[in-house]
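In: next comes the sequence, and after it the predicted model I'd like to discuss.
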Amino acid sequence: MIKTSAQHIESLRDGRQVYINGELVDDVTTHPAFSKTIEWLSKLYDFQHENQELMTTVDPESGERYNRIWQLPKSPEELKQRRAALEAWTGLSCGFLGRAPDHVASCISGMVMGIDRFKQYDAERAENLLNYYRYARDNDLYLTYVIINPQADRSKSAGEQKDEFLAAGIAAEDDEGLTIRGAKMLATGGIMANEVLVTCLQPLKKGEEEKYAVSFTIPMNAPGLKILSRKSYSEHNDSVFQNPLSSRFDENDALLYFDDVKVPWDRVFVHRDTDMCLAQFHETPAHVYQNYQAQIRLMVKMRFLAGVAYRTAEMNGIINFPPVRETLGQIAAEAAISESFVNGMENKGRYVGEYYVPDRHLLYAAQVVAQQLYPNFITRLRDLAGGGVIMLPSSTEDFANPEMRAMIEKTQQSPVADSEERVKFFNLAWDAIGSEFASRHTQYEMFYSGATFVTKGASFRTFDWKQSTGLLDSFASQYELKDEI
């Protein structure tokens, strides 16, 4: 199935329990906090219809087309074909949708590429995963995930919190399945998704497997599932001219509360096993494949922001100033670093069974660098923009007032644009680097892959230290003190 925008919007009218501003939402597709993002995101599905050769591939068993976000590449060429599709899709949002449908699809696909690890664990759970992958792929589902626990007392593990069901865990089980109680975060994009993968990426202590070591999927309208949205950035930013990004690309992160949610056994992939909770990510290609998608998205976003930097210099008439070109050169280099990591991951990839997957260490190296690079990148853009992104008309209504428009035309000037074009651009620039929406994105890019000690630890574990120390030892073995005395 190749879903359309209309079909996706209709699929969200399913009775899901979403809460915002103290109220239960009747219909997320029409609520002002969510409707504009849902409308825009759904257009991704029309794009795949209009570009089927780029965006889809054919299932050799059924002969049906499906989105490449579910593709399991068997060669470097197929991996790069899939990348081209993901790159085109994320280009539509300029990289500002961190949890578009391709992210968790990549996670589930990575688990399937490592299905042998699931079979070693439990043949029935492995079959559940394979069946779910086919179901999600063939129905073109949009998935989100919740894989970390509410912060609470971070000095204590999930099982040591005052409330044993602060973090979502198994409250009961019977012949029909599990009963889940407690909370998980962050369901980025969850309000506009069809289903959610629920599991634990954080390490669990011995004994905690009885409640928290679980992995399963459920629909977003599952009975008892309550979706608590954060503040909406798009709700009061309805002008696209004034807020071109936040008005359409607000993913509305959410906390999920499981009020005794029933999970059927055929949706359970890991059951009371702490080792398998980690293995599903790190002993299959899942963690690499999902974060490879994130690096493709970041590559596109950095490319877009480099364009914002260049246009800022043009708008302000400073493009030929040597210090400005020095800054732009640094920005260009950093954008190229992001792209180089993606290319390197692909070219240095490896086979896992019959599947070709990106290089693990270059992925983790990219995460380490990105966490430091992105906030510095934004700071450089702020330096270039100065006060130009602040001193802008209060709203589009200012242009409707003839007296005010005359003053705007007199004061909003640029050597390369008229007043309307200048205001339009700097509205966009502020939305990308300085608005509340932009601030959330900076925080997101710094922490979506984990705390810095987590990403640096992954880089440490996956680097080829033997090759490095071998080179050192080989060189050092060429000379001795005794040769000189």
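Out: Everything's here; your move. Numbers count the residues shown, from 1 in each chain.

In: strands along the chain, start to end?
Out: Per DSSP state E, the chain carries strands over the ranges 17-20, 23-24, 56-58, 65-67, 143-146, 169-174, 177-184, 195-198, 214-219, 225-229, 254-264, 268-271, 350-352, 355-357.

In: quick one: contacts for the spatially closest residue to D464 that is not a sequence neighbour?
Out: Leaving aside its sequence neighbours, D464 sits nearest to H361 (CB to CB, 6 or more residues apart in numbering; 7.2 Å). In this view, the C-beta of every residue, glycine as well, is placed from N, C-alpha and C. Neighbouring residues of H361 by CB atoms under 8 Å, 6 or more residues apart in numbering: 459, 462-464.

In: what's the separation between the most centrally placed residue in the chain and S449?
Out: Centroid-nearest residue in the chain, with CA atoms, centre = their mean: G98, separated by 3.2 Å. Counting by CB to CB, to the nearest Å, the separation of G98 from S449 is 11 Å.

In: please apply the same query to L141.
Out: Counting by CB to CB - L141 and S449 are separated by 24 Å.

In: now do S155
Out: Going from S155 to S449 by CB to CB gives 22 Å.

In: neighbour count for the two, which is higher?
Out: Neighbour totals were compared for S155 and S449, and S449 leads with 22 against 6 (other CB atoms under 10 Å).

In: I'd like the mean pLDDT over the top helix by length along the chain, please.
Out: Criterion DSSP state H: the longest helix present in the chain is helix 286-315. Mean per-residue pLDDT for helix 286-315: 98.

In: quick one: buried residues of it?
Out: Within helix 286-315, the residues that count as buried by 16 or more other CB atoms under 10 Å are 286-306, 308-313, 315.

In: sorry, back to before: give me the common contacts of G98 and S449.
Out: Counting by CB under 8 Å, 6+ apart, the residues touching both G98 and S449 are A294.

In: which among the strands of the chain is found nearest to M1?
Out: Judged by CB to CB, the one of these that comes nearest to M1 is strand 65-67, at 7.4 Å.

In: direction included, what does that closest one pair up with?
Out: strand 56-58 (antiparallel) (DSSP bridges).

In: residue contacts, L97?
Out: 41, 90, 189, 249, 251, 297 are the contacts of L97 under CB under 8 Å, 6+ apart.

In: let's have these in CSV, adding distance to V25.
Out: CSV is the format used below for the contacts of L97 (distance: CB to CB, whole Å):
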residue, distance to V25
L41, 17
T90, 27
G189, 16
F249, 20
E251, 16
R297, 28
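
In: pick the one among those residues closest to V342.
Out: Nearest member of these to V342, counting by CB to CB, is R297, at 10.0 Å.

In: residues contacting that closest one?
Out: 86, 90, 95, 97-98, 100, 103.

In: go on, G91?
Out: Contact partners of G91, counting by CB under 8 Å, 6+ apart, are V300.

In: per-residue pLDDT, it?
Out: So, for G91, pLDDT stands at 97.

In: now it: how far from D250?
Out: Distance check for G91 against D250: by CB to CB, it reads 19 Å.

In: repeat that for Y132.
Out: 29 Å.

In: neighbour count for these two, which is higher?
Out: A count of neighbours by other CB under 10 Å puts D250 above the other of Y132 and D250, at 27 against 23.

In: residues touching that one, list them.
Out: By CB under 8 Å, 6+ apart, the contact list for D250 reads 36-37, 232-234, 437.

In: out of those residues, the closest to E195 would be?
Out: T37 (18.2 Å).

In: what's the distance between the nearest residue to that closest one once chain neighbours are set aside and D418?
Out: The shortest distance from T37 to any non-neighbouring residue, by CB to CB, 6+ apart, is to D250 (5.2 Å). Taking CB to CB as the measure, D250 falls 30 Å from D418.

In: which stretches of the stretch 51-200 of the chain form helices?
Out: When assigned using DSSP state H, counting those that start in this stretch, the helices of the stretch 51-200 of the chain occupy the ranges 52-55, 76-91, 102-113, 115-121, 123-138.

In: so of the ones you listed, which one's packed in deepest?
Out: Here the criterion is mean neighbour count by mean count of other CB atoms under 10 Å, and of the helices of the stretch 51-200 of the chain the winner is helix 102-113, at a mean of 25.

In: domain map for the protein?
Out: 5-282, 286-468 (automatic domain parsing).

In: off-centre distance for the first one?
Out: Offset of domain 5-282 from its chain centre (CA atoms, centre = their mean, to the nearest Å): 11 Å.

In: can you give me the end-to-end span of that domain?
Out: End-to-end distance for domain 5-282, by CA to CA, to the nearest Å: 34 Å.

In: list the buried residues of stretch 156-163.
Out: For stretch 156-163, a neighbour-count test (16+ other CB under 10 Å) marks 157-159, 161 as buried.

In: what of stretch 264-273?
Out: 265, 267-273.

In: cool, and stretch 373-393?
Out: 373-374, 377-378, 380-382, 384-385, 388-389, 392-393.

In: got the angle for the longest helix of the chain vs helix 76-91?
Out: When axes from the mean of the first three to the mean of the last three CA atoms, to 10 degrees is applied, the directions of helix 286-315 and helix 76-91 differ by 50 degrees.

In: quick one: helix 286-315 to helix 102-113, angle?
Out: Orientation check (the same axes, to 10 degrees): helix 286-315 against helix 102-113 gives 150 degrees.

In: mind checking how far helix 286-315 is from the chain centre?
Out: Once both centres are worked out by CA atoms, centre = their mean, helix 286-315 turns out to sit 12 Å from its chain's centre.

In: use 287 as the first number for this chain going forward.
Out: Sure, I'll start numbering at 287, so the last one becomes helix 572-601.

In: nearest residue to F607 in space, ignoring adjacent ones along the chain?
Out: In this structure, F607 finds its nearest non-sequential neighbour in A599, 8.0 Å apart by CB to CB, 6+ apart.

In: that neighbour contacts D669, doesn't it?
Out: No - distance between A599 and D669: 10.9 Å, which falls outside the contact criterion (CB atoms under 8 Å).

In: where in the stretch 337-486 of the chain is pLDDT low?
Out: The model of the stretch 337-486 of the chain has no residue with pLDDT under 70.

In: let's see that with 80 instead.
Out: Low-confidence segments of the stretch 337-486 of the chain, defined by pLDDT under 80: 440-441, 444-447.

In: same thing with the stretch 637-771 of the chain?
Out: Short version for the stretch 637-771 of the chain, where the test is pLDDT under 80: none.

In: can you give me the helices for it?
Out: With helices called from DSSP H, counting those that start in this stretch, the stretch 637-771 of the chain shows them at 646-671, 683-686, 688-697, 705-719, 722-733, 738-748, 751-762.
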